[in-house]
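[1] Quick check, what structure comes out for this input:
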Amino acid sequence: MSQYLSSYERWISHAELDPALKADLEQVTDEKELEDRFYRHLEFGTGGLRGVIGAGINRINIYTVRRATEGLARYLLKRVEDARQKGVVIAYDSRHMSTEFAAEAAGVLAYHGIRAYLFQELRPTPMLSFAVRYLHAAGGIVITASHNPPEYNGYKVYGEDGGQIPPAAADQILSEIEQVEHELLIPAIPLQEGIDSGRIQMLGQAVDQAYNDRLLSLSLQPQIVKQSGESLQIVYTPLHGTGNRPVRRVLKDMGFRHVHVVEEQELPDPNFGTVTSPNPEERQAFELAIRKARQVNADIVLGTDPDADRVGIVAKNHNGDYIVLNGNQTGALLLEYILKQRQQKGDLPANGVMLKTIVTSELGRAIADSYQIAAVDTLTGFKFIGEKINEYAQTGQHQFLFGYEESYGYLIGDFVRDKDAVQAAMMCCEMAAYYKSHGMTLYDALHSLYQTYGYYLEDLVSITLKGKEGLEKIAQMMEDLREQPLHAIGELAVKQVKDYRLGIEGLPTANVLKYVLANDSWVAIRPSGTEPKIKFYFSAVDRTRETAESKLNMMKTFMSELVK
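    Predicted structure coming up:
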């Protein structure tokens, strides 16, 4: 009997298998689907688990959540001093099964005598990061699949510093997980029993208040906000996720009086019924928000993803049209605003640092250079930015000022150690108020940056290849590119090939190829670590928009033909 059939038989014959999961298994008739469900355990990557909800060891369900938590518990008890007393904080989003998975994780920890701090309702991912630090916990878990489609959920692990676990810790946890013999037999204390015994403690308003107070301390121009709070028109959509309460609360406390929420997307909905994808990277997610923006003549539109760690911004151009900014553009605007305000206040430290990822626009480096602030690259994934913040906090080499990645993740205050859409939303609104007081829109401010530093135009093309065969195709595509290196991309000569799998530039190894071209343009290719996708990142740089756009289109056309 093949390995996947053996795993399937173990599940289908288990007398106490969860009834819903048993029913799910019994309706599977396709042999390939059965193999996909059982050919491997759902991969525990550097951040944790992410997968389709359903029965099987390659799906996310109560048993795969218990298995991951069992491994985490064993890791903590071996490697974190006083882990039982410090405890683990658990948060969850609005997805299918998030509440149940959070309770299962708490129950496994409680069985091991590790205190579980469980939020009583859904909360954003950055609040989990904050709570780990605020409560001096041994770690954290958040149940979320970010912006994935409704059939997905996930499980992310955080360390004592409040950051996502780095690769070394992930490997150690994975080693413990792999020693778990039978995922269907892992003991977990029922939620109410855990609460009654004190092993599971529910979290609520005290943590919310502490987080909100720290958010308000980030404001750089509170006086401007007070002056324009009555006039700035803000439209906000939480995209059926966790951002609704914390974003509205901080904007209200800052003094913004006109925050118009998109009613159809205000309440949590695990099916994300009004959008094809609850992803602020995609313009379609903003359709209802832009419609509302036209009605109220909004100055700025905000949209947070379901777990509210990423935010998208829409700004109005000269023709009154609403333009969705990409993550590189929003990050550059925030960086320029923060550095400029701190410089004018005499509060810009000489050892300040801006952190970004290797696939994020080099416009950020140009801005940082102009303020004589260090710009440091990390691998893709905000966990690496969090790891650097922790390193600098310990060594004192640099003082963290701002971190961002092109995929709409930003961090301003390091009391959170992951990307934080609530922080970014409040600072974007303050920034919009500041520019409005100077007779400018955010769109005007962006073009001022381009005129100063040059036009940095970026794009991202993702190809989805699902299942076992898809993963094999992606792996083969990367190998083909390594074996047959490109010497030119269209009309642009390749100046340098950076293969991050070799462990270059002082960074850990990563399956990423980057082609550096003339005039600081570049193309990067990277399989996603959380989705069945291969991603192509493009950046074209020139002194005029027209020439930069021409380069960008040429690069995209060349790579598209190559992949075909």
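
[2] List of residues touching whichever strand or helix holds Ser550?
    Here Ser550, judged by DSSP states H and E, is contained in helix 545-563. With C-beta atoms under 8 Å, 6 or more residues apart in numbering as the contact definition, helix 545-563 has outside contacts at 450, 454-459, 461, 463, 477, 486, 489-492, 517, 521, 523, 536, 538, 540-542. Every residue, glycine included, has its C-beta placed from N, CA and C.

[3] Next: stretch 390-404.
    By C-beta under 8 Å, 6+ apart, stretch 390-404 touches 161, 163, 327, 331, 334-335, 338-339, 342, 348-349, 351-356, 360, 364, 373-374, 376, 382, 385, 388-389, 410-412, 414, 417, 419.

[4] Buried residues, stretch 544-561. List them.
    Ala548, Lys551, Leu552, Met554, Met555, Lys556, Phe558, Met559 (16 or more other C-beta atoms under 10 Å).

[5] Any chance of JSON lines for these, columns distance to Glu469 and pLDDT?
    What follows is those, written out as JSON lines (distance: C-beta to C-beta, whole Å; pLDDT from 0 to 100):
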{"residue": "Ala548", "distance to Glu469": "38", "pLDDT": "97"}
{"residue": "Lys551", "distance to Glu469": "35", "pLDDT": "96"}
{"residue": "Leu552", "distance to Glu469": "31", "pLDDT": "97"}
{"residue": "Met554", "distance to Glu469": "32", "pLDDT": "96"}
{"residue": "Met555", "distance to Glu469": "28", "pLDDT": "97"}
{"residue": "Lys556", "distance to Glu469": "26", "pLDDT": "96"}
{"residue": "Phe558", "distance to Glu469": "26", "pLDDT": "95"}
{"residue": "Met559", "distance to Glu469": "22", "pLDDT": "94"}
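
[6] farthest pair in those?
    Within the buried residues of stretch 544-561, Ala548 and Met559 form the most distant pair, 16.8 Å apart (C-beta to C-beta).

[7] ok, back up a step: out of the contacts of stretch 390-404, list just those in strands.
    Judged by DSSP state E, the contacts of stretch 390-404 include Gly352, Val353, Met354, Leu355, Lys356, Ala374, Val376, Tyr410, Leu411 as members of strands.

[8] Quick check: the two most widely separated of the residues you listed?
    Farthest pair in the ones in strands among the contacts of stretch 390-404, by C-beta to C-beta: Ala374 and Tyr410, 18.0 Å.

[9] Pick out whichever of those two has more residues nearby.
    Tyr410 (25 against 18; other C-beta atoms under 10 Å).

[10] Does Lys356 touch Ser407 like I think?
    No. Counting by C-beta atoms under 8 Å, Lys356 stays clear of Ser407, with 11.5 Å between them.

[11] what's the following helix or strand after the helix or strand where Val89 lies?
    For Val89, the enclosing helix or strand under DSSP H and E is strand 88-92. Downstream of strand 88-92, the first helix or strand assigned by DSSP H and E is helix 98-111.

[12] Show me what secondary structure element comes after that next one.
    strand 116-119.

[13] Quick one: residues contacting Ile525.
    Met478, Leu481, Val512, Leu513, Lys514, Ile534, Lys535, Phe536, Tyr537.

[14] where exactly do the helices run in the stretch 1-150 of the chain?
    3-12, 19-26, 31-38, 62-79, 83-86, 98-111, 125-134 (DSSP state H, counting those that start in this stretch).

[15] And the first one, how far out from the chain middle?
    Right, the one you point to is helix 3-12. 34 Å (C-alpha atoms, centre = their mean, to the nearest Å).

[16] and that helix, which residues are buried?
    Tyr4, Ser7, Tyr8, Trp11.

[17] And the last one, how close does it get to Glu26?
    Same thing as Trp11. 11 Å (C-beta to C-beta, to the nearest Å).

[18] among the helices of the stretch 1-150 of the chain, which is the most enclosed?
    helix 125-134 (a mean of 28; mean count of other C-beta atoms under 10 Å).

[19] Taking strand 88-92 as reference, get the angle to it.
    170 degrees (axes from the mean of the first three to the mean of the last three C-alpha atoms, to 10 degrees).

[20] Give me the contact list for helix 125-134.
    89-91, 93, 117, 119, 137, 139-142, 144, 156, 158-163, 203, 207-208, 210-211, 214, 242, 246, 307-309, 415-423.

[21] out of those, which are buried?
    For the contacts of helix 125-134, buried by 16+ other C-beta under 10 Å: 89-91, 93, 117, 119, 137, 139-142, 144, 156, 158-163, 203, 207-208, 210-211, 242, 246, 307-309, 415-423.

[22] Parallel or antiparallel, list what pairs with the strand holding Val89.
    strand 116-119 (parallel), strand 139-143 (parallel) (DSSP bridges).

[23] Using CSV, lay out the ones you listed together with mean pLDDT.
    Formatted as CSV, the strands paired with strand 88-92 follow (pLDDT from 0 to 100):
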stretch, mean pLDDT
strand 116-119, 98
strand 139-143, 98
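
[24] Please convert those strands to a markdown table, extending it with distance to Val275.
    Below are the strands paired with strand 88-92 laid out as a markdown table (distance: least, C-beta to C-beta, whole Å):
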| stretch | distance to Val275 |
| --- | --- |
| strand 116-119 | 25 |
| strand 139-143 | 21 |
